[in-house]
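Whatever this is, show me its structure:
(2 chains)
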2 protein chains.
Amino acid sequence: MRILVTNDDGILADGIRILAQDLVQLGEVRVVAPDRERSATGHAITVLRPLRIENIEFPDSRIRAWAVDGTPSDCVKLAIEDLLEWKPDVVVSGVNRGPNLGTDVLYSGTVSAAIEGAIYGIPSVAMSVAAFDKCNYSMASEFGANVVSMVAKMRLPPKTLLNVNVPSVEKRDLAGVAITRLGARVWKDVFDKRIDPRGRTYYWMAGSVEEHDDDLDIDSVAVRHNMISITPIHLDLTKHDFIEELKTWKFQK
Amino acid sequence: MRILVTNDDGILADGIRILAQDLVQLGEVRVVAPDRERSATGHAITVLRPLRIENIEFPDSRIRAWAVDGTPSDCVKLAIEDLLEWKPDVVVSGVNRGPNLGTDVLYSGTVSAAIEGAIYGIPSVAMSVAAFDKCNYSMASEFGANVVSMVAKMRLPPKTLLNVNVPSVEKRDLAGVAITRLGARVWKDVFDKRIDPRGRTYYWMAGSVEEHDDDLDIDSVAVRHNMISITPIHLDLTKHDFIEELKTWKFQK
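Modelled structure (predicted):
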């Protein structure tokens, strides 16, 4: 199996290092990842300046790796279009530090890299640990290798990827695996407004999530109950069931 | 009517200036837009550094405006969370220089700003002129004002926005208005690989679109036929029709 690994925490992050090492048991692994943290970059690509790449040595010499001074989507495009000698069988993004749940997947560089893989028609997986501290990357990475094997064997529908969030608990405390849908993520106190030493205002994006959902079919609820959440995600943003009604609106040309 | 206007070409762009001026006929207009071009930023938000704002004077003093050193999504969040004295009735993004069609809407800062509006539960519209040169912003802007009136009157379903692409032709050459779905956009020769004066490689994101679609229900096809394309877009990336099948997969915990 030929596997492309990327992330949005940067090529030096623990999560991608552990994941690449686990995946090398399954086949050939190439890492093409941002040279630094690129969190919350959404599906950004870099068009206003050129991109540069750098060869990176991983401890395991079977893993070839490149750092890119761009976004996760840039990395997947550059890997497939130029850097790799083969088209990957699977694209894996992660293991991300922090959850990627509900509406927030729209902001996620981790998920956008997997979306990019799916755009290329390659089965793709986004892996996250749903915690920011004391992340249990090993368990998430091990489960990620399992998901990659499954995806390669079972096949996903076209333009579909899997978004996987693993609770950061000890393995014995895992409550199971839930197939979920994306929930809503309502944030409050989104900005922390401060005054700098020169008297000027600045804003930090901050805030906390208000959890209103309690259905175990919802990704964030499953994770809160110590379950691994797997959500199938597609790329078609068209709201098909509104097209006929919209055709009745009288737009003036 | 209370209208928030933003874009991804920056607050100095012609497209947003003309649009704000047309919308002021409909109600109160506030502009909160990036301080410079932010094309292809996708749904990025700025979390690794703070944001700053600056008051900007528009020629029409009825239009209050702020520039933000962030992405289009940052602008919408900051406007609603802090800058505006009211919650907007409509969020309008544009008029963008260049089309936002098919799969490419995933990369679009213009569309992501409207998605952000929809996340806040506000009817939202993304407006683009489907050309990079000699853009007919006036016609697109005028049509945009029409769409805004319609959206305010007719209501959109929850978490739905309209993505509007206007061909850059003379008004007499417009062939009508088409309600469409997003097509696929297949790019070839994505990177232009060059060598700098010091012998190092760099990559420009480039490429051209291969048009395979020819169904007038598809956004890019409608625009190619000189029609204004309006696509309803939703935010739910869940692939609901694959959940039951995925539940049959035997993941190892």
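
residues contacting residue A:130?
Under the criterion of Cβ atoms under 8 Å, 6 or more residues apart in numbering or on different chains, the neighbours of residue A:130 are A:98, A:99, A:101, A:165, A:166, A:167, A:168, A:223. The way it works is simple: take the backbone N, C-alpha and C, and place the C-beta from them, glycine included.

Need the pLDDT of residue A:253.
Listed pLDDT for residue A:253 reads 69.

With residue A:12 instead?
96.

What is the neighbour count of it?
14 (other Cβ atoms under 10 Å in any protein chain shown).

Please report how far it lies from residue A:97.
12 Å (Cβ to Cβ, to the nearest Å).

circling back to that earlier point, and the least confident of the contacts of residue A:130?
Lowest pLDDT among the contacts of residue A:130: residue A:168, 92.

Am I right that that one falls within a helix?
No: under DSSP: H, G, I helix; E, B strand; the rest coil, residue A:168 falls outside any helix and is assigned coil.

Helix or strand: which one has the nearest residue to it once chain neighbours are set aside?
In space, and not counting its chain neighbours, residue A:168 is closest to residue A:131: 3.4 Å by Cβ to Cβ, 6 or more residues apart in numbering or on different chains. When elements are assigned from DSSP states H and E, residue A:131 belongs to no helix and no strand.

so residue A:131 touches residue A:165, yeah?
No: using Cβ atoms under 8 Å, residue A:131 is not in contact with residue A:165; the gap is 10.0 Å.

list residues touching both of the two?
Counting by Cβ under 8 Å, 6+ apart, the residues touching both residue A:131 and residue A:165 are residue A:99.

Comparing those two, which residue is more hemmed in?
When residue A:131 and residue A:165 are compared for neighbours, residue A:165 comes out ahead with 29 against 17, by other Cβ under 10 Å.

now the contacts of residue A:130 in CSV, with distance to residue A:17?
Listed next are the contacts of residue A:130 as CSV, based on distance: Cβ to Cβ, whole Å:
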residue, distance to residue A:17
A:98, 17
A:99, 20
A:101, 24
A:165, 20
A:166, 17
A:167, 21
A:168, 17
A:223, 23
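
farthest-separated two in those?
Across these, the longest distance by Cβ to Cβ is 13.4 Å; it joins A:101 and A:168.

what does the stretch 51-200 of chain A put close to chain B?
A:51-53, A:73-74, A:77-78, A:81-82, A:103, A:105-107, A:112, A:115, A:119, A:143, A:146-147, A:150, A:154, A:156-157, A:160, A:162, A:174, A:176-177, A:179, A:181-182, A:190-191, A:193-194, A:200 (Cβ under 8 Å from any Cβ of the partner chain).

List only buried entries from these.
Buried subset of these (neighbour count, 16 or more other Cβ atoms under 10 Å in any protein chain shown): A:51, A:53, A:73-74, A:77-78, A:81, A:103, A:105-107, A:112, A:115, A:119, A:143, A:146-147, A:150, A:156, A:160, A:162, A:174, A:177, A:179, A:181-182, A:190-191.

Just the ones of these in helices?
Using DSSP state H, A:73, A:74, A:77, A:78, A:112, A:115, A:119, A:143, A:146, A:147, A:150 are the members of these that sit in helices.

How many neighbouring residues does the nearest residue to residue A:13 once chain neighbours are set aside have?
Nearest in space to residue A:13, with sequence neighbours left out and distances taken as Cβ to Cβ, 6+ apart, is residue A:7 at 6.2 Å. For residue A:7, the neighbour count with other Cβ under 10 Å is 33.

quick one: residue A:7 and chain B, what's the gap?
15 Å (Cβ to the nearest Cβ, to the nearest Å).

How much space separates that residue from residue A:192?
In terms of Cβ to Cβ, residue A:7 sits 27 Å off from residue A:192.

for residue A:156, same thing?
40 Å.

Equivalent analysis for residue A:208, please.
Counting by Cβ to Cβ, the gap from residue A:208 to residue A:192 is 11 Å.

hey, where'd the helices end up in chain A?
A:14-23, A:72-78, A:109-119, A:137-154, A:219-224, A:243-246.

Isn't residue A:151 up against residue A:162?
Yes: at 6.7 Å, residue A:151 counts as touching residue A:162 under the criterion of Cβ under 8 Å.

joint contacts of the two?
residue A:125.

Please enumerate the strands of the stretch 151-253 of chain A.
Secondary structure of the stretch 151-253 of chain A by DSSP state E, counting those that start in this stretch: the strands cover A:160-166, A:176-179, A:186-188, A:191-195, A:201-205, A:208-210, A:227-234.

tell me the most buried of those?
strand A:160-166 (a mean of 27; mean count of other Cβ atoms under 10 Å in any protein chain shown).

export that one as PDB, just CAs?
These are the backbone C-alpha positions of strand A:160-166, laid out as PDB (Å, rounded to 0.1, in the frame of the first residue of the first chain):
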ATOM      1  CA  THR A 160     -16.000  10.700   0.500                       C
ATOM      2  CA  LEU A 161     -13.500  10.700   3.400                       C
ATOM      3  CA  LEU A 162     -13.600   9.600   7.000                       C
ATOM      4  CA  ASN A 163     -13.200  12.100   9.900                       C
ATOM      5  CA  VAL A 164     -12.000  10.200  13.000                       C
ATOM      6  CA  ASN A 165     -11.800  11.700  16.500                       C
ATOM      7  CA  VAL A 166     -10.300   9.600  19.200                       C
END
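
Packing partners of that strand?
Counting contacts by 3 or more Cβ pairs under 8 Å, 6 or more residues apart in numbering or on different chains; DSSP states H and E, strand A:160-166 packs against helix A:109-119, strand A:124-129, helix A:137-154, helix A:219-224, strand A:227-234.

mind showing which ranges of chain A have poor pLDDT?
A:253 (pLDDT under 70).

at 90 what do you get?
Counting by pLDDT under 90, the ranges of chain A that qualify are A:39-42, A:134, A:155, A:184-189, A:207-214, A:252-253.

Can you tell me how far the nearest residue to residue A:236 once chain neighbours are set aside is from residue A:174?
Using Cβ to Cβ, 6+ apart and skipping residues adjacent in sequence, the residue nearest residue A:236 is residue B:182, 6.6 Å away. To residue A:174, residue B:182 is 38 Å away according to Cβ to Cβ.

Between residue A:101 and residue A:168, point out the one with more neighbours.
More crowded of residue A:101 and residue A:168, by other Cβ under 10 Å: residue A:101, with 26 against 22.
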